[in-house]
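Student: Coordinates for the following, if possible.
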Amino acid sequence: MLKEIKNLIGFLTIIPVGMDSDCLTDAANYMYLFPLVGAFIGLVAGIFAWLLLGILAASIVGILTLGFILLLTGLHHTDGLLDFGDGVMYQGSPEKKIEIMHDQQTGAGGLAIGLVTILTTAFCIAQLNKGFVVQSLIVSEVSAKLAMVVMAWVGRSAHKGMNTYFVNTMHDQYRNIRLVVALIITFVIAIYFLRLTGFTAVTSGLAVALFLVGISNRHFRGVTGDVFGAGNDLARLASLIAILVVVKWV
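Tutor: Next up, the predicted model:
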């Protein structure tokens, strides 16, 4: 089990834990534990933000903290977000849209969705009070990772690629058990740290995940690795927005 957890961390972050040849397979088989890795990422990022809030302006802390999260995760999900934006905006067949997503160049669609998502996320982090910034980042990262699990469980593979491993695993005979475990882990963490606010944040992330699956089915006839990446970043943003809204009005 230690080897599998190591590969899971290595797949989702740039932490040099020493991945092996089974990394992708282990990451897919243990995808239901994504939220636990998300909690770890959120904890590290939260401590980073908490320390900076004592010496820097909140706006700068928001930008630096998001940069730290993106660096820690190797920008893999953000790259998927940009490709997703390009694919959705391209006018053509699903096959051509997927081809466009694989293009190394970033077009207007990717630039727009990337810019809005990154800026808004940084501003949301900047609005988090020092008293609950650690908890909020833990919950938002857990929610982001759950979004990918749900997308693999609900969606179908648009083409054969990295996404196929995860979709196939989340559609095997244990698919419902895997989903339930992921949901339990996520909601326990979210409610423990933020109570009702945490529940709302995770629910918002789930709504984004389901919405993206619908968009992907329409544009690509299924989900891809880039769609998973977009789901991660957009679910994080939705969770942070939900946290700020609930904190303001409750």
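
Student: By mean pLDDT, flag the weakest helix or strand of this structure.
Tutor: Sorting the helices and strands of the chain by mean pLDDT, DSSP states H and E puts helix 2-12 at the bottom, at a mean of 83.

Student: And the helix or strand just after it, what's buried?
Tutor: With elements assigned by DSSP states H and E, the helix or strand that comes after helix 2-12 is helix 23-29. Neighbour-count burial for helix 23-29, with 16 or more other CB atoms under 10 Å as criterion, is recorded at 23, 26, 27, 28, 29. Every residue, glycine included, has its C-beta placed from N, CA and C.

Student: can you check stretch 183-197 too?
Tutor: 183, 185, 186, 187, 189, 190, 193, 194, 197.

Student: In helices, which of the residues you listed fall?
Tutor: Using DSSP state H, the subset of the buried residues of stretch 183-197 located in helices is 183, 185, 186, 187, 189, 190, 193, 194, 197.

Student: Would you mind giving the residues you listed as a markdown table with distance to residue 207 and pLDDT added?
Tutor: Converted to a markdown table, those look like this (distance: CB to CB, whole Å; pLDDT from 0 to 100):
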| residue | distance to residue 207 | pLDDT |
| --- | --- | --- |
| 183 | 14 | 98 |
| 185 | 19 | 97 |
| 186 | 14 | 98 |
| 187 | 15 | 98 |
| 189 | 19 | 98 |
| 190 | 14 | 98 |
| 193 | 20 | 97 |
| 194 | 17 | 97 |
| 197 | 16 | 97 |
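
Student: Need these in CSV (columns: distance to residue 101).
Tutor: Formatted as CSV, those follow (distance: CB to CB, whole Å):
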residue, distance to residue 101
183, 29
185, 30
186, 28
187, 32
189, 32
190, 31
193, 35
194, 34
197, 35
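
Student: Which of these sits closest to residue 107?
Tutor: Closest approach to residue 107 among these (CB to CB): residue 186, at 33.5 Å.

Student: Just the terminal-to-terminal distance for stretch 154-164.
Tutor: From its first residue to its last, stretch 154-164 covers 13 Å (CA to CA, to the nearest Å).

Student: pLDDT averaged over it - what is it?
Tutor: Averaged over stretch 154-164, pLDDT sits at 85.

Student: how far does that stretch sit from the chain's center?
Tutor: Centroid separation for stretch 154-164 versus its chain: 17 Å, with CA atoms, centre = their mean, to the nearest Å.

Student: quick one: contacts of that stretch?
Tutor: Under the contact criterion CB atoms under 8 Å, 6 or more residues apart in numbering, stretch 154-164 has outside partners 24, 94, 98, 152, 167-168, 209-210, 213, 216-217, 220-225, 227-228.

Student: What separation is there between residue 53 and residue 236?
Tutor: According to CB to CB, to the nearest Å, residue 53 and residue 236 sit 19 Å apart.

Student: any idea how far residue 85 is from residue 223?
Tutor: Residue 223 sits 15 Å away from residue 85, taking CB to CB as the criterion.

Student: Which residues are in contact with residue 189?
Tutor: Taking CB under 8 Å, 6+ apart, one finds 35, 39, 138, 139, 142, 198 in contact with residue 189.

Student: make it 6 Å
Tutor: With contact taken as CB atoms under 6 Å, 6 or more residues apart in numbering, residue 189 is in contact with 39, 142.

Student: For the residue located most distally from the centre of the chain, which three-state class applies?
Tutor: Among residues of the chain, the one most distant from the C-alpha centroid is residue 55; the distance is 28.7 Å, by CA atoms, centre = their mean. Applying DSSP: H, G, I helix; E, B strand; the rest coil to residue 55 yields a three-state assignment of coil.

Student: Out of the contacts of stretch 154-164, list just those in helices.
Tutor: With DSSP H as the criterion, helices contain 24, 94, 98, 152, 167-168, 209-210, 213, 216-217, 220, 225, 227-228 from among the contacts of stretch 154-164.

Student: Look up how far residue 140 lies from the closest residue to residue 92 other than its chain neighbours.
Tutor: Spatially, and ignoring its direct neighbours in sequence, residue 92 is nearest to residue 100 (7.6 Å; CB to CB, 6 or more residues apart in numbering). Distance from residue 100 to residue 140, counting by CB to CB: 29 Å.
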